[in-house]
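In: Got a predicted structure here, sequence first:
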Amino acid sequence: MVSVPIIQVLPGDSPRLKGEDKVHVLRLAAIETALPPILVDRRTMRVIDGIHRLMAASLKGHKVIDVEFFDGSREEAFLKAVEANVEHGLPLSQADRTAAALRILKSHPTMSDRAIAKSTGLGARAVAELRRSSDSVPHSNFRVGRDGKVRPLNGAKGRLRVAELIRENPQASLRQVARTAGVSPATALDVRRRLERGEEPVPSQGGTASAETETPRDPMPVPNASMMGPPSTATLEKLMRDPSLRQSELGRRLLRMFKENVLGAKEMTDICASVPSHCLEMIIQLSRANSQIWEDFAQELNRRARIVNPE
């Protein structure tokens, strides 16, 4: 555990769909005894668990906060965040847990339904239904349980695929064959040994489990961002007079970006009319991508504002 300046800690990838609970922040701020350290991703300095404690500390005027660091990928950090919020603190809502389970299914498709259920606080049947009903969850022929053991879903299908891959390329690594076939490395090794002995890849006495069937459904529509008016020249001029922005390189770069957007907005009608027809699709895609970048930037600033000014 180490003490870190609060200003260095960033909001994390929270499983809470509605964001932070200000009432809970006030409750924590009223506690006089020291609160447990927050959990932070060492690589990104983003909060994994403890955003309400961070906001409470900021509200009380603290400059530093006790931190425990987590080392892992972004997907592992989110899984840890969900598990931590299920185990203690302010409970996650049913919608929070369902959305978290679906995201974990996408990032950890080999994780068993029971393991995901334990991590999210959902039932195993609810997780299984999410897996079946979503066409965005990658398919896998095996599951990794809470005990860490690998269990095949359809042993016969996976073994036959391994045998096919080995016959096509006998020099391929077992790890690559296993990954391509969607089975465990141990299964790939067993198939290769059976082939070397002249045996069938599927043991005759082994039962084969039915493969999970996925029912494709139409993807949920992505809501359009609310329509905003043209950029405000008055707001830009006010920002350009702010010395805290003008006196830093990053601040000046941000002001230049805003200035280009304000000036460009005034010419957008003429620019739109001049775009060659063969470039339309590419410019549409690029425009939407840039729009999303600014939207993400605004959301990040909004989340930081809630920490600096939690009231």
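Out: Sure, I can see it. Here the structure is a predicted model, which is why all the values come from computation and not from measurement. Numbers count the residues shown, from 1 in each chain.
In: Go through the helix or strand E281 falls within and flag the buried ones.
Out: According to DSSP states H and E, E281 maps onto helix 280-308. Counting neighbours by 16 or more other Cβ atoms under 10 Å, one finds that the buried residues in helix 280-308 are 303, 306-307. Just so you know, the C-beta spots here come from the backbone N, C-alpha and C atoms, and that holds for glycine as well.
In: to the chain's geometric centre, what's the distance from that helix?
Out: How far helix 280-308 lies from its chain's middle: 17 Å, per Cα atoms, centre = their mean, to the nearest Å.
In: So L17 lies in a helix, does it not?
Out: No: checked against DSSP: H, G, I helix; E, B strand; the rest coil, L17 lies outside a helix; its state is coil.
In: nearest residue to S119 other than its sequence neighbours?
Out: E83 (5.0 Å; Cβ to Cβ, 6 or more residues apart in numbering).
In: can you list the weak-confidence ranges in the protein?
Out: Low-confidence segments of the chain, defined by pLDDT under 70, are located at 141, 150, 152-155, 205-232, 263, 266, 269, 308-311.
In: repeat that with 50
Out: Along the chain, segments meeting pLDDT under 50 span 206-228.
In: center of it - which residue?
Out: By Cα atoms, centre = their mean, the chain has its centre lying nearest to E75, at 5.7 Å.
In: what's the burial count for the nearest residue to P91 once chain neighbours are set aside?
Out: Distances taken as Cβ to Cβ, 6+ apart put N85 closest to P91, at 7.7 Å, once the chain neighbours are dropped. By the measure other Cβ atoms under 10 Å, the count of residues near N85 is 24.
In: what's the distance between N85 and G50?
Out: Remark: distance between N85 and G50 (Cβ to Cβ, to the nearest Å) = 10 Å.
In: So I116: helix, strand or coil?
Out: The three-state label given to I116 by three-state DSSP is helix.
In: pretty sure it contacts I104?
Out: Yes: with contact defined as Cβ atoms under 8 Å, I116 counts as touching I104 (5.4 Å).
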